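> sequence first, then the predicted structure, then my questions.
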Amino acid sequence: MNGILGMVLIVLGLGALPVSGYAEGTSGKLEVRSSAFGEGSSIPSDFTCDGADMSPSIAWSGVPSKAQSLAVIVDDPDAPSGNWVHWLLYDLSPALTRLPAGIPVASVIPDGGFQGRSDFGKAGYSGPCPPEGTHRYFFKVFAIDRILHLEPGVTKKEFLAAMQGHIVAEGSMMGTYERS
């Protein structure tokens with residue numbers, strides 16, 4: 001899709017992606033869930049800066065057969081400076097159906113895949129740590145029709161650009177957190 005139509009924006013909670021962010025003829029939906037917290041509920045402190053600051057387990061279903069890789073982004077649209085990135089993962093196997101809790105904080109994931117750089121300036125998961133009030137955290141999973149082949153530690157901007165035109169399905173869940 002080119003021209004003006006290519007500039008039409010779909011808001012996904014991770015900033016805007018042009019309509020052309022989706023692979024042609026696709027509109028798949030992934031079901032995303034976590035055993036750590038339910039949709040719209042509070043994220044337990046173990047998964048925040050007030051606890052162990054480890055990544056929660058997340059699971060998904062509905063990955064289309066044409067997916068060549070999976071990607072995950074966790075961000076906070078309520079951050080004072082704008083949409084704050086807490087976690088980027090990419091080039092995960094499309095055969096995966098879940099990530100366990102406590103993924104090591106490193107650019108390369110031991111079982112395959114990579115982690116990008118969060119807005120905290122490091123690779124790996126950095127949990128919710130809102131300066132004030134209740135914030136929403138979106139855990140988004142994308143099925144992509146290619147392997148992204150990005151260097152470890154990429155930024156959200158590089159990550160989104162690489163996915164442009166290659167998303168075959170997506171899904172998300174949201175949790176909240178307020179520091180006590």
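Nice, I can see it. Just so you know, these numbers come straight off a predicted model, no measurement behind them.
> count the residues that sit near the closest residue in space to residue 77 that isn't next to it in sequence.
If the residues on either side of it in the chain are set aside, residue 77 comes closest to residue 83, at 5.0 Å by C-beta to C-beta, 6 or more residues apart in numbering. (Each C-beta comes from the backbone N, C-alpha and C, glycine too.) Counted with other C-beta atoms under 10 Å, the neighbours of residue 83 add up to 16.
> wait, doesn't residue 83 sit right on residue 75?
Yes: counting by C-beta atoms under 8 Å, residue 83 touches residue 75, with 5.3 Å between them.
> tell me the contacts of residue 175?
By C-beta atoms under 8 Å, 6 or more residues apart in numbering, residue 175 lies in contact with 34, 37, 39, 40, 41, 42, 43, 136, 137, 139.
> so how far is residue 101 from the second one?
In other words, residue 37. Residue 37 sits at a distance of 11 Å from residue 101 (criterion: C-beta to C-beta, to the nearest Å).
> which residues do the two both contact?
Contact with both residue 37 and residue 101 is made by residues 47, 56, according to C-beta under 8 Å, 6+ apart.
> who has more neighbours, the two?
Between residue 37 and residue 101, counted using other C-beta under 10 Å, residue 37 has the larger neighbour count: 20 against 16.
> if I look at the more buried one, how far off is residue 56?
According to C-beta to C-beta, residue 37 and residue 56 sit 7 Å apart.
> cool, and residue 118?
15 Å.
> cool, and residue 39?
Distance from residue 39 to residue 56, by C-beta to C-beta: 13 Å.
> of these two, who's got more company?
More crowded of residue 39 and residue 56, by other C-beta under 10 Å: residue 56, with 24 against 12.
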